[in-house]
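> Sequence and predicted structure are below.
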Amino acid sequence: MTLSPNSGPRRDGLKPELVVIHYTAMADCAAALRALCDPAREVSAHYLIRRDGQVVALVDEALRAWHAGAGEWAGRGDVNSRSIGIELDNDGAAPFAAPLMDALEGLLPGIMARWAIAPHGVIGHSCMAPGRKIDPGPRFDWQRLARQGLALWPGSQAASPRDAARFRTDALAYGFPDLDDALLLRAMRLRFRHGAEGPLDGRDCAIMAEMAAKASSASGLEPGAAHA
């Protein structure tokens, strides 16, 4: 049963190939639930996970929920038609509650199996809408998901030579939108290297090269092919 009225058919025959993770940025889960089910707000998600770990199903996975908004991933727009949206009950500043993270780890494998979504397809709202969105934010534990095979995380390899052109090529091959240099670097660091400051460096380049290689391996494409 669909709890939220804010949904519709997926367009152009598209099916989920991404999971987009959000935080609610609201004081409590009740307020978030009201917003996600209010027709006047025109926003929804497939799932809302409460801080106590309760999973609330809002929109059937086969339907298009209204969670992503403007943006793109891997060179393609209409992310709503190509994704499952998960809202996490978090205000954006506090740590994510342990029961919530446990529930997310329990929810993701089923979604990924049902729709054949690879770990590379589990992204943050900030990844597909940099500059407009920052959720799930710097407190979210992507590395924890990666340890369970539910997302990607870089290894601890040494820094590469600083190469701005290669960094851009790799970032786009990974899936980030085609942004100006500063915003692209901020988006990458928010996802993989929160707290890093200053201009592009060799560690940024090494991370992005690794992520591009993992993404191309999962998709069967050569790095950069999606933006050729």
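Sure thing, it's come through.
> lowest-confidence helix or strand of the protein?
Using mean pLDDT, DSSP states H and E, helix 202-219 stands out as the lowest-scoring helix or strand of the chain, at a mean of 90.
> Show residues contacting that one.
Helix 202-219 is contacted by residues 118-120, 152, 154-155, 157-163, 166-167, 169-171, 173-175, 185, 188-189, 192-193, 196, 222-226 when judged by C-beta atoms under 8 Å, 6 or more residues apart in numbering. All C-beta spots, glycine's among them, are computed from the backbone N, C-alpha and C.
> at 7 Å what do you get?
118, 120, 152, 154-155, 157-163, 166-167, 170-171, 173-175, 185, 188, 192-193, 222-223 (C-beta atoms under 7 Å, 6 or more residues apart in numbering).
> Please apply the same query to stretch 162-170.
Looking at what lies outside stretch 162-170 - C-beta under 7 Å, 6+ apart - the contacts are Asp181, Leu184, Leu200, Asp201, Gly202, Asp204, Cys205, Met208, Ala209, Ala212, Pro223, Gly224.
> circling back: list the buried residues for the least confident helix or strand of the chain?
For helix 202-219, burial by neighbour count (16 or more other C-beta atoms under 10 Å) applies to 203-212, 214-216, 219.
> Put the alpha carbons of it into PDB.
Provided in PDB are the C-alpha atoms of helix 202-219 (Å, rounded to 0.1, in the frame of the first residue of the first chain):
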ATOM      1  CA  GLY A 202      47.100  14.200  -5.100                       C
ATOM      2  CA  ARG A 203      44.900  12.400  -2.600                       C
ATOM      3  CA  ASP A 204      41.800  13.800  -4.300                       C
ATOM      4  CA  CYS A 205      43.100  12.600  -7.600                       C
ATOM      5  CA  ALA A 206      43.900   9.100  -6.300                       C
ATOM      6  CA  ILE A 207      40.400   8.700  -4.700                       C
ATOM      7  CA  MET A 208      38.600   9.800  -7.900                       C
ATOM      8  CA  ALA A 209      40.800   7.500 -10.100                       C
ATOM      9  CA  GLU A 210      39.900   4.500  -7.900                       C
ATOM     10  CA  MET A 211      36.200   5.300  -7.800                       C
ATOM     11  CA  ALA A 212      36.100   5.800 -11.600                       C
ATOM     12  CA  ALA A 213      37.800   2.400 -12.100                       C
ATOM     13  CA  LYS A 214      35.300   0.700  -9.700                       C
ATOM     14  CA  ALA A 215      32.400   2.400 -11.400                       C
ATOM     15  CA  SER A 216      33.600   1.400 -14.900                       C
ATOM     16  CA  SER A 217      34.200  -2.200 -13.700                       C
ATOM     17  CA  ALA A 218      30.600  -2.400 -12.400                       C
ATOM     18  CA  SER A 219      29.100  -1.000 -15.500                       C
END
